[in-house]
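Participant: sequence first, predicted model second:
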Amino acid sequence: MPAHLTTARLRLPLMDAGTVDALVSGRRLPGWAEDFPAEGDVDIARVLAARHHREGGPDGVFGPRLVVEGSTDEVIGTAGFFGAPRDGVVELGYGIVPSRQRHGYATEAARALIELALAQPGVSEVVAHAEPGNAASIRVLEKNGLTYAGREGSLVRYSVSL
């Protein structure tokens, strides 16, 4: 299982403890885009820090990853899974900083992660949630073959199965 994924324009390394610590503490690291991290990136890091403290380890292939733009080598977002699969289902999430949106990066990162997940033993479905009014995020999901699977609270659920 690859710790690092590479696409045509991106690198998707797993978040390491140093990155999580920097995000939680508000310390910037070299190689981050000027508008990274977004609020959601910090929220993910807080959850990771708490989970690591509670459970004593990373999520491996199913952990969150940085999205690194190949042409600049800058971190431009995060993408990954919200933990290991449960009953064959894994949940995908992603976010790209505003300065790099509308370049297809979220679609490219999501595609690589969906392919990775569905190739893992025991994974039969990838799901993702979005706000109903977030047309850009919904387009990313639909471009990657996920289809509308209903509402869950204030969010819409999309999924793709083997």
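Facilitator: Alright, I've got the coordinates.
Participant: after the helix or strand harbouring residue 79, next one along is what?
Facilitator: If you go by DSSP states H and E, residue 79 is part of strand 74-81. As assigned by DSSP H and E, the chain's next helix or strand after strand 74-81 is strand 89-96.
Participant: let me know the pLDDT of residue 15.
Facilitator: For residue 15, the model assigns a pLDDT of 89.
Participant: again with residue 34
Facilitator: pLDDT, read off for residue 34, is 97.
Participant: look up phi and psi at it.
Facilitator: With angles defined as degrees, to the nearest 10, residue 34 sits at phi -60, psi -30.
Participant: so what touches the least confident helix or strand in the chain by mean pLDDT?
Facilitator: None of the helices or strands of the chain scores lower by mean pLDDT, DSSP states H and E than helix 39-55, at a mean of 74. The contact list for helix 39-55 (Cβ atoms under 8 Å, 6 or more residues apart in numbering) reads 15, 17, 19-21, 23-24, 26, 37, 58-59, 63-64, 77-78, 83, 93, 95. Any C-beta I mention is one placed from the backbone N, CA and C, and that applies to glycine too.
Participant: among the residues you listed, which are in strands?
Facilitator: Using DSSP state E, 77, 78, 93, 95 are the members of the contacts of helix 39-55 that sit in strands.
Participant: of those, which is the nearest to residue 105?
Facilitator: residue 77 (7.1 Å; Cβ to Cβ).
Participant: the closest one and residue 24: what is the separation?
Facilitator: To residue 24, residue 77 is 17 Å away according to Cβ to Cβ, to the nearest Å.
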